[in-house]
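Q: Kindly generate the corresponding structure for this input.
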Amino acid sequence: MRILISNSSPDPIYQQIVRQIKGQIIAGDLPEGSPLPSIRKLAHELQISVITTKRAYEELDKEGLIDTVGGKGTFVASQNQEFLREKRMKLVEGKLSEALEDARLLGMSRREVGEMVDLLWEEEG
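A: Numbering: from 1, shown residues only. Sure thing, here's the model as predicted:
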């Protein structure tokens, strides 16, 4: 698991941690059952407060993304595959919305955007 903390980010550190772990779970980089570092270990690795990592883990737990098993540790929760698919689709929709907003600001037509998407799809596939 890789987490990068940005001191220049306007987001609180715990939100940066939540966003990155959540992203790794949704992307499948952290599959269900994967162990997460203990709160203390993560705090030590990131050189931040234990309270900050505890808050991040609490947020992830509230969202049902992680489970803490007393005496064993914290693990990626088993996820409903439809739930993960919806989360992934929502992520892509958000990025597409941003791209479409930029295209409109640049005066691009729907056809031009469609051609660009087709071209990029073929190049990446």
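Q: Which helix or which strand is home to the most centrally placed residue in the chain?
A: Relative to the mean C-alpha position of the chain, the nearest C-alpha, by CA atoms, centre = their mean, is the one of G23, at 1.7 Å. Secondary-structure assignment from DSSP states H and E places G23 in helix 13-26.
Q: Who are the packing partners of that helix?
A: Under the contact criterion of 3 or more CB pairs under 8 Å, 6 or more residues apart in numbering; DSSP states H and E, helix 13-26 touches helix 39-46, helix 50-62, helix 81-105. Using the backbone N, CA and C atoms, a C-beta is placed for each residue, glycine as well.
Q: quick one, that helix and helix 39-46 angle?
A: Orientation check (axes from the mean of the first three to the mean of the last three CA atoms, to 10 degrees): helix 13-26 against helix 39-46 gives 100 degrees.
Q: so for helix 13-26, what's the average pLDDT?
A: For helix 13-26, the mean pLDDT works out to 94.
Q: next one: stretch 93-103
A: Throughout stretch 93-103, pLDDT has a mean value of 94.
Q: how about the helices and strands packed on helix 13-26, which one is nearest R19?
A: Distances from R19 to each of these were compared using CB to CB; the shortest belongs to helix 50-62, at 9.4 Å.
Q: From the rest of the structure, what touches the helix or strand that the closest one is followed by?
A: For helix 50-62, the following helix or strand on the C-terminal side (DSSP H and E) is strand 66-69. Contacts to strand 66-69, defined as CB atoms under 8 Å, 6 or more residues apart in numbering, come from residues 21, 36, 57, 60-61, 74-77.
Q: what residues are up against K62?
A: Taking CB under 8 Å, 6+ apart as the definition of contact, K62 has no neighbours.
Q: Make 51 the starting number, not 1.
A: Let's use 51 as the start, then, which means that last one is K112.
Q: Show me what the helix holding G73 is in contact with.
A: Contacts of helix 63-76 from elsewhere in the structure, counted by CB under 8 Å, 6+ apart, are 51-56, 59, 61, 80, 86, 92, 96, 98, 102-103, 105-106, 109-110, 113, 115-116, 126, 129, 134, 137-138, 141.
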